[in-house]
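J.: Give me a model of this one.
(chains A and B)
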2 protein chains.
Amino acid sequence: MEPNDEEPNYDYVTKIMTEFQQHLIERANHHLGYPGNHDCSRYMALSPLLQFNLNNAGDAFKESDHGLHSKKFERGVLDWFAQLWEIERDEYWGYVTSGGTEGNLHGLLLGRELLPNGILYTSKESHYSIFQIAKMYRMDCEIIATLASGEMDCSDLRDKLLINKNRSAIINVIVGTSFKGALDDVDLVIQTVEDCGFSENRFYIHCDAAISGLIVPFLSQVPKKYTFKKPIGSLSISGHKFLGCPMPCGVQITRKRYIGTLSKSIEYIATLDTTISGSRNGHSPIFLWYVLNIKGHKGLQQDVEKCIKNARYLKYCLEEAGISSMLNEMSICVVFERPPDQDFIHHWQLQYFKNMAHVVVMPHVTVEMLDNFLHDFIWKRKIWYRCGKLQPPCLAEDIGVSNCVCLVHGKKKEPLYHINA
Amino acid sequence: MEPNDEEPNYDYVTKIMTEFQQHLIERANHHLGYPGNHDCSRYMALSPLLQFNLNNAGDAFKESDHGLHSKKFERGVLDWFAQLWEIERDEYWGYVTSGGTEGNLHGLLLGRELLPNGILYTSKESHYSIFQIAKMYRMDCEIIATLASGEMDCSDLRDKLLINKNRSAIINVIVGTSFKGALDDVDLVIQTVEDCGFSENRFYIHCDAAISGLIVPFLSQVPKKYTFKKPIGSLSISGHKFLGCPMPCGVQITRKRYIGTLSKSIEYIATLDTTISGSRNGHSPIFLWYVLNIKGHKGLQQDVEKCIKNARYLKYCLEEAGISSMLNEMSICVVFERPPDQDFIHHWQLQYFKNMAHVVVMPHVTVEMLDNFLHDFIWKRKIWYRCGKLQPPCLAEDIGVSNCVCLVHGKKKEPLYHINA
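T.: Predicted structure coming up:
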C-alpha cells in the first residue's frame, strides 16, 4: 500500500480510511488477549489538538523557548502519579514516556549508572524488553526462576545474590507479569537482598508496573505494596494499557537525587535532557491528563473492580466447563489451555505461550463479550476434541497441578471414593 | 495543574482545553527556531482514528494476532522510503520509530552488534543524543572536528582513524546538523575510511538524516548523495520535522541482512522483535502515509523549493541589514548573531548556541512571518546597540570570518580604497 506519487487522490484516501475504520471496529469487538483498553471513544473530544505539532522535547520540568508543547499537562500528570506512589513533589523526577519499554530503558539505565558494575536480576517471566535492554546496556543478567503463579522465586534470587555478593544488584521487580499478571513480592525481594548483606547503596530496584501499575493501587482491600516509602529507585507504568490512551505512552517516576548521575555523565555536551527519546509526544500527556480528570480515583477504582469481577467470572465459567485455568489474586489475566485452532486464536486475538493462552480483562471487555467468547470456545472444543485423537493440553507445568484438569490431572482431583468405588 | 480527583468537571476541562488551543495558535504563528513544520491542519481529517487504541508492537513485517494496528500503512510508508533511498524491497528492513533519536538508537545498536569492539566516530556538531547513546551503549567515542560550515572535518577523521586502526569504525554521518543544517560529505567519509585501510566488513555507517533527510532528495540540482547504493548501513529521518506529523515519529531503514545480528542476540527469549520500543504508535504511520499521499513527490519538491527560497530571502535581508549570518548551500537553517534579549528569543522561539541563533525555514514559515521577524529584529537591534555599550557579537569563530560583520571583521571587508582614501 505504497503511497501514490501522482496528484493527490482524496477519494482513494477516504475510501481506504473508511474501510480501515470498519475493520478496526470489528477487531476491537473481539479484542481479548492483549493488555490494551479499547474503551477510548472519549479521546475524540481532543481531536482539535491534531492540528498542532506538539513536542515535549527534553526535561518536563525545564521550560524551553519552544512554545508548542504540553509540559504543563505533563507535570500535572506526573504530580498525580507521584502522589499515587507516595513520593513528595520536591523529591521526585519523571516524565511521560513513549510506553512501558522506555520506562524500563530509563529505570535500568539509572540503576546501571548508579551501580556501574551491578548485575541485573530479573525473573524468567519478565517482558522480553528487559533482556533486550540488558544486552543493549552490556549488563550481566541473572535470570531468576518463578513460582507457578508467575511470581519471582525469592529463594532462587537469594542463591544467585549470594553467588555474586561482591557485585551490586539491580533488580527488576514486576508489577503484573506479561502473561499471568503476577506480582513480584517487593517486600520479600527487599528482605532477601538485605538478608544477603546488601546495604542500600549496593542495590537498586526498578519496578516494571506496565500491566498492573494502575490496578494494584485501586484494590481497596490491598495494603500499599509498591511505594517510594520503600527503598525502590524507579517505577514505570503504561498509559495505553489500563487507561486506554489511543497511542502507546507511559509514566516514569524516580527519585530526583538520582537524576544528577545521568546529567553529570553527559555534562560535556551541556544538556540537561536525561530522557531517553529527546523529542517526545506532546499529545499523550494531554490524553493522560484528560482521562485522569474525567475518571478520577473513583472512576479508576470502579474500572478496576469491574475488571477484577469480570476476570473472576471468566475464570469461574472456564472451571465450570472443565477447562484448565488460572487467575492470580490481584490480576485481570485469565490463563487457560491454548486452543489448537489458529483461526480461533486470531478471531479472539488471544495471546499464547507454550500450552497456555490468556484473556486480559480490560475495561472494554464486557460480560457479553466474555459470554460470546465462552460460547464459541466451549462449542469449538467439542469439535476439536470430538474424536479423541487430540486431547486438551496438560497445563500442570505451566500453571501448577492444582489448576490443571487435563486427562491425567483432572482425574486425580476426583474424590477418593470414586476411585475406590 | 494536577488532575482533579473529584467528580468529572467537563466545564473545567473544556475551559482549559480552549485556552490551551488559543495559546498554541499564537505560539505557532511565532515559531521560527525549531525544526518542526507546523503546517499540520490537514491531519484533522484523521481525527476519527483517535477513538482507536492502535499499537504496532514488534516487527512491521510480522503479522500478529493483535488486530488493532496499522502495519499495512507502515509497510507502505517504509516501501516509499526504501525507494527514495534506493534499496530493493526484499533487501531492506525498517520501521516507523518514535522520532529521530530512536532511529539513531537502532542504527548505532546495529553498528555495535555487527562490530562489537568498534569505536564510534561522530562530529562535534552531532545531536546530543548521539553522545548519550555512546554512553548508554558503553561505546568508545571519538569526537571529530568540524569545518566552519558545520560539516565533519574529514582530515581530523583520518587522523583519528589512523590512531585506532586496530579497531573497527562505526561512523555517524549527519545529513543536516542540528544547528547549521550542514551535510557531512558521505563520499568523502567513505573514501577516508577506505584510504585508511578499513575494508567494508570493518566499518559501519549510520546516517542521521533527522533534519535534512526529506530535503536533500528533493533538490533537483543535487546528485543522489545519500543512498544505499553506497556502503551505508542505516539511515533514519524524523517525521515531525519537515513532514509536520503532529507527534514525534520517524523512519529507520537498514539492510535486511543486518537484522539477523539483533534477532540472534536475543534468540533465547524467542522473540523476533528487533525494534527499540516494543509497543509502537499505530497512528503515526497513518499520518505519514496520509501526508505522502496528499503531497507526493511533487508536493514535497514544491515545499523544499519554497523553503530554500525563503531561507535565501531571510539570509539576503539579514546581510542587507548588516547582520552577521550564514546559510549552507542545501540548508534551510539560517544562522545569525544571537540577540541579547531573552524576551525576543522567547517570542520568536529562536534556538541559540554560543554567539549564534538560528531560524529553521520550515514549510509553515511564510514570507510574511519572516518580514515581521526581520522588522522586529532590526528595530530592536537599534535599541539594544543604541548607546554603544553593547556591541553585536563577533561570529568569526562560529560561522567563519567571511560571514562575520562585527565591528572588527565587518570593517575589514570594506574595499581597500576606503581605507586609503
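
J.: quick one, helices of chain A?
T.: In chain A, the segments counted as helices under DSSP state H are A:10-28, A:71-84, A:100-114, A:128-136, A:154-163, A:186-195, A:256-265, A:284-320, A:342-348, A:367-384, A:396-399, A:407-412, A:416-420.

J.: hey, where'd the strands end up in the stretch 101-250 of chain A?
T.: A:119-123, A:141-144, A:169-174, A:203-208, A:234-238, A:250-255 (DSSP state E, counting those that start in this stretch).

J.: Could you dump those strands into TSV and include mean neighbour count, mean pLDDT and distance to chain B?
T.: Any C-beta I mention is one placed from the backbone N, CA and C, and that applies to glycine too. Supplementary listing: these in TSV, determined by neighbours: other CB atoms under 10 Å in any protein chain shown; pLDDT from 0 to 100; distance: least, CB to the nearest CB, whole Å:
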stretch	mean neighbour count	mean pLDDT	distance to chain B
strand A:119-123	24	98	11
strand A:141-144	20	98	9
strand A:169-174	27	98	14
strand A:203-208	27	98	12
strand A:234-238	28	97	7
strand A:250-255	25	98	9
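
J.: nearest to residue B:244, of these?
T.: strand A:250-255 (25.2 Å; CB to CB).

J.: how big is the angle separating the closest one from strand A:234-238?
T.: 170 degrees (axes from the mean of the first three to the mean of the last three CA atoms, to 10 degrees).

J.: Contact residues of the stretch 101-250 of chain A facing chain B?
T.: A:101-102, A:105, A:109, A:127-129, A:131-132, A:135-138, A:238, A:240, A:244-248 (CB under 8 Å from any CB of the partner chain).

J.: Any of the residues you listed buried? List them.
T.: A:101-102, A:105, A:109, A:127-129, A:131-132, A:135-137, A:238, A:240, A:244-248 (16 or more other CB atoms under 10 Å in any protein chain shown).

J.: what residue is smack in the middle of chain A?
T.: residue A:211 (2.3 Å; CA atoms, centre = their mean).

J.: list the contacts for that residue?
T.: Applying CB atoms under 8 Å, 6 or more residues apart in numbering or on different chains, we find residue A:211 in contact with A:35, A:175, A:176, A:177, A:178, A:181, A:238, A:241, A:242, A:333.

J.: Pull the contacting residues for the nearest residue to residue A:233 once chain neighbours are set aside.
T.: Nearest residue to residue A:233 in three dimensions, chain neighbours excluded: residue A:204, at 4.6 Å (CB to CB, 6 or more residues apart in numbering or on different chains). Taking CB under 8 Å, 6+ apart, we find residue A:204 in contact with A:110, A:111, A:114, A:115, A:118, A:168, A:169, A:170, A:171, A:233.

J.: let's see 10 Å
T.: Contacts for residue A:204 (CB atoms under 10 Å, 6 or more residues apart in numbering or on different chains) come out as A:107-108, A:110-115, A:118, A:120, A:168-172, A:231-234, A:258.

J.: Can you tell me which of those are buried?
T.: A:107-108, A:110-115, A:118, A:120, A:168-172, A:232-234, A:258.

J.: neighbours of the closest residue to residue A:28 other than its chain neighbours, just the number please.
T.: Closest residue to residue A:28 apart from its sequence neighbours, by CB to CB, 6+ apart: residue A:38 at 4.6 Å. Per other CB atoms under 10 Å in any protein chain shown, the neighbour tally for residue A:38 reads 22.

J.: you'd agree residue A:38 is up against residue A:362?
T.: Yes - counting by CB atoms under 10 Å, residue A:38 does reach residue A:362; the two are 7.1 Å apart.

J.: picking up where we left off before, is the residue nearest to residue A:233 bridged to anything, and to what?
T.: Counting by DSSP bridges, residue A:204 forms beta bridges with residue A:170.

J.: could you measure it against residue A:155, distance?
T.: 21 Å (CB to CB, to the nearest Å).

J.: With residue A:373 instead?
T.: From residue A:373 to residue A:155 the distance is 38 Å (CB to CB).

J.: Tell me which of these two has more neighbours.
T.: residue A:373 (20 against 12).

J.: residues touching the more buried one, list them.
T.: Contacts of residue A:373 (CB under 10 Å, 6+ apart): A:30, A:32, A:314, A:317, A:344, A:347, A:348, A:350, A:359, A:365.

J.: Kindly report the same for residue A:117.
T.: Contacts of residue A:117 (CB under 10 Å, 6+ apart): A:139, A:140, A:166, A:167, A:168.

J.: same check, this time on residue A:32
T.: Going by CB under 10 Å, 6+ apart, the list of residues near residue A:32 reads A:314, A:334, A:347-351, A:357-362, A:364-365, A:369-370, A:372-373.

J.: Who are the contact partners of the closest residue to residue A:40 other than its chain neighbours?
T.: Leaving aside its sequence neighbours, residue A:40 sits nearest to residue A:244 (CB to CB, 6+ apart; 4.5 Å). Residue A:244 makes contact with A:36-43, A:287, A:291, A:303, A:362-364, B:53, according to CB under 10 Å, 6+ apart.

J.: cool, and residue A:51?
T.: Contacts of residue A:51 (CB under 10 Å, 6+ apart): B:21, B:24-25, B:28, B:38-44, B:47, B:246.

J.: One more pass at 8 Å, please.
T.: Contacts of residue A:51 by CB under 8 Å, 6+ apart are B:40, B:41, B:43, B:44, B:246.

J.: hang on, the earlier thing: can you pick the most crowded of the contacts of residue A:211?
T.: Highest count within those by other CB under 10 Å belongs to residue A:176, 32 neighbours.

J.: Any stretches of chain A with poor pLDDT?
T.: A:5-6, A:264-272, A:411-421 (pLDDT under 70).

J.: Any buried residues in stretch A:55-75, and which?
T.: Within stretch A:55-75, the residues scored as buried using 16+ other CB under 10 Å are A:55-60, A:64-75.

J.: and chain B, which of those reach it?
T.: The subset of those within reach of chain B, by CB under 8 Å from any CB, is A:55, A:65, A:66, A:67, A:68, A:70, A:72, A:73, A:75.

J.: Looking at those, which is nearest residue B:402?
T.: Among those, and counting by CB to CB, the member closest to residue B:402 is residue A:65, at 28.9 Å.
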